[in-house]
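1. Sharing a model prediction with you, sequence too.
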Amino acid sequence: MKKAVQKIYQEVAPTYELVNHILTWGFDIRWRKRAVKTTSAMRGGLWMDVCSGTGELAQALARSRDDVQVLALDFSLPMLERAREKKGLEQGLFSLGDVTRLPFADNTFDLITISFATRNLNPNPDYLSACLREFCRVLKPGGIFLNLETSQPQPPWLRRLFHLYIRTVVKPVGYLFSGSKAGYKYLSHTIPRFYASGEFTSFLREAGFDQVRATPLLLSIAAIHLAVKSE
Ligand SMILES: C[S@@+](CC[C@H](N)C(=O)[O-])C[C@H]1O[C@@H](n2cnc3c(N)ncnc32)[C@H](O)[C@@H]1O
């Protein structure tokens with residue numbers, strides 16, 4: 001599984017950002033900005049963006065404040081190499097690592113972020129829970145986990161329309177621009193089976209987080225979840 005996902009990101013890395021912007025009509029950019037805005041009142045210190053990919057969120061976080069050090073972690077070298085070229089991440093820290101076994105001590109980070117990657121950590125519910133527990137472990141008490149991810153729109157008709165778009169547009173358009181059939185087949189498979197906001201909130205609580213707060217984005221096509229590790 002890990003090797004297959006790494007192969008996909010190796011294939012799509014050169015065109016990853018462009019295809020994302022096209023498929024989401026640019027909303028991914030707005031939603032990352034929104035995620036960064038929610039961090040403005042949080043304490044600074046050591047922040048980590050996991051599954052950072054080409055580093056768009058890590059870059060925006062690093063540029064948003066002077067009192068934070070941002071570490072970008074991913075298990076795909078071709079994706080992370082693109083992150084390293086980003087302006088504003090010159091002083092950034094990078095780690096080639098797997099979120100299932102984070103190479104950090106307990107209680108290390110003040111904030112952990114993840115964007116559009118939690119779906120990748122959901123081959124099954126146990127795997128997802130283990131990853132969330134791992135994030136909780138390396139957060140300091142009082143530290144915050146921020147999750148930006150696609151969600152499930154509420155009215156059933158909109159959900160069906162959303163899934164139809166994913167099935168009929170994502171695969172061919174992704175393939176057209178990236179040349180990767182497997183990559184966008186995988187993507188179109190992960191979105192419809194991800195959780196609605198309330199279900200994901202339950203995962204966070206079970207993983208040991210408190211004070212979970214969800215913000216729906218664009219009729220719940222996506223959502224930001226904030227969750228606190230108890231003191
Ligand atoms: C869809 S991309 C998201 C990239 C970026 N966060 C964004 O907002 O565009 C998913 C990323 O998660 C990484 N990834 C998937 N599973 C991982 C794991 N177990 N450990 C570390 N990185 C992982 C992939 O290599 C890929 O770069």
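-> In hand now; what should we look at? Numbers count the residues shown, from 1 in each chain.
2. Show me which residues of this protein sit near the ligand.
-> Neighbours of the ligand within the chain, by C-beta under 6 Å from any ligand atom: 5, 9, 51-53, 56-57, 74-76, 79, 98-100, 115-117, 120. (Each C-beta comes from the backbone N, C-alpha and C, glycine too.)
3. what's the closest non-adjacent residue to the residue of the chain found nearest the ligand?
-> Nearest residue of the chain to the ligand, counting by C-beta to the nearest ligand atom: Gly53, 2.5 Å away. Closest residue in space to Gly53, ignoring its immediate chain neighbours: Met79 at 4.6 Å, by C-beta to C-beta, 6 or more residues apart in numbering.
4. how distant is the helix or strand containing that neighbour from the center of its chain?
-> Using DSSP states H and E, Met79 sits within helix 77-84. Centre-to-centre, helix 77-84 and its host chain are 15 Å apart (C-alpha atoms, centre = their mean, to the nearest Å).
5. picking up where we left off before, how about the residue nearest to Gly53, what does it touch?
-> 9, 13, 16, 52-54 (C-beta atoms under 8 Å, 6 or more residues apart in numbering).
6. likewise Thr201?
-> 212, 214, 225.
7. let's see it at 10 Å
-> Applying C-beta atoms under 10 Å, 6 or more residues apart in numbering to Thr201 gives the contacts 195, 209, 212-214, 223, 225, 227.
8. I'd assumed Val170 was in contact with Ser180.
-> No. Using C-beta atoms under 10 Å, Ser180 makes no contact with Val170, being 11.9 Å away.
9. what residues do the two have in common as contacts?
-> Residues within reach of Ser180 and of Val170 at once, by C-beta under 10 Å, 6+ apart, are 19, 187.
10. Compare the two and say which is more crowded by neighbours.
-> Between Ser180 and Val170, Ser180 has the larger neighbour count (other C-beta atoms under 10 Å), namely 23 against 19.
11. what does the helix or strand bottoming out on mean pLDDT in the chain contact?
-> Sorting the helices and strands of the chain by mean pLDDT, DSSP states H and E puts helix 181-190 at the bottom, at a mean of 90. With C-beta under 10 Å, 6+ apart as the test, helix 181-190 has contacts from 4-5, 7-13, 15-16, 19-20, 23, 116-123, 150, 163, 165-178, 180.
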